[in-house]
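Asker: Okay, structure incoming, though there's no sequence with it:
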């Protein structure tokens, strides 16, 4: 659970970087292990302070598996839909934090990410995960450092090209 709390620190840091307002970036959080659980959707309140409070309240679900493929497909097929509050005009950006090799197949889900033009930023906190299976960019780190990589991840992957750019952001986490 301590490592999960570090992923929540990262998520809060990213939310603060995006300076959330309802008119710009929308955020949802999906937690996965044995199952995929959407903590809150794009339809829910999107005020910066409320997002941060909701992230702080997320409870670690735990589990024996790391169903990364299932989580990615859930995000593609369910989370990033207009029914759930995603916006057609906004680019889709997904931060996926994982600390275990996938226990399910990720080939088709990764292809779906590419085909749907979703920008997936994988943050990997385990040296045994085959980074080559994930599309770039991939950030390799450890849990102690996850809260400290917010600026680097945002600066290299997420800074809008101009002030008019908006994004739909999904964060997925597992430990």
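Answerer: Cool, the structure landed. None of these values were measured; they are calculated from a predicted model.

Asker: use CA for all of it now, contacts and neighbours both
Answerer: Will do.

Asker: how close does residue 76 sit to residue 113?
Answerer: The span separating residue 76 from residue 113 equals 7 Å under the rule C-alpha to C-alpha, to the nearest Å.

Asker: ok, now which ones touch residue 52?
Answerer: When contacts are counted by C-alpha atoms under 8 Å, 6 or more residues apart in numbering, residue 52 is found next to 12, 15.

Asker: how far away is it from residue 42?
Answerer: Here the distance between residue 52 and residue 42 works out to 14 Å (C-alpha to C-alpha).

Asker: go on, residue 54?
Answerer: Computed as C-alpha to C-alpha, the residue 54 to residue 42 distance reads 13 Å.

Asker: For those two, indicate the residue with more neighbours.
Answerer: Neighbours of residue 54 and residue 42, each counted by other C-alpha atoms under 10 Å, are more numerous for residue 42; the result is 24 against 14.

Asker: in what helix or strand does that one lie?
Answerer: Taking DSSP states H and E as the criterion, no element holds residue 42; it sits outside all helices and strands.

Asker: For residue 151, see how far away it is.
Answerer: Taken as C-alpha to C-alpha, the spacing of residue 42 relative to residue 151 amounts to 24 Å.

Asker: just residue 55 next, same as before
Answerer: 19 Å.

Asker: okay, those two: which has more neighbours?
Answerer: Between residue 55 and residue 151, residue 55 has the larger neighbour count (other C-alpha under 10 Å), namely 21 against 16.

Asker: ok, that one - contacts?
Answerer: Neighbouring residues of residue 55 by C-alpha under 8 Å, 6+ apart: 8, 11, 12, 29.

Asker: pull the longest helix from this structure.
Answerer: For the chain, the helix with the greatest residue count under DSSP state H is helix 2-18.

Asker: Okay, buried residues for that one please.
Answerer: Applying a neighbour-count criterion of 16 or more other C-alpha atoms under 10 Å, the buried positions in helix 2-18 are 3-15, 18.

Asker: Quick check: the two most widely separated of these?
Answerer: Maximum pairwise distance among the buried residues of helix 2-18 (C-alpha to C-alpha): 23.2 Å, between 3 and 18.

Asker: Just say helix, strand or coil for the closest residue to residue 138 other than its chain neighbours.
Answerer: With sequence-adjacent residues excluded and distances taken as C-alpha to C-alpha, 6 or more residues apart in numbering, residue 138 is closest to residue 122, at 4.8 Å. The three-state label given to residue 122 by DSSP: H, G, I helix; E, B strand; the rest coil is strand.

Asker: So what sits opposite residue 122 in the bridge?
Answerer: Here residue 122 sits in beta bridges with residue 96, residue 138, as judged by DSSP bridges.
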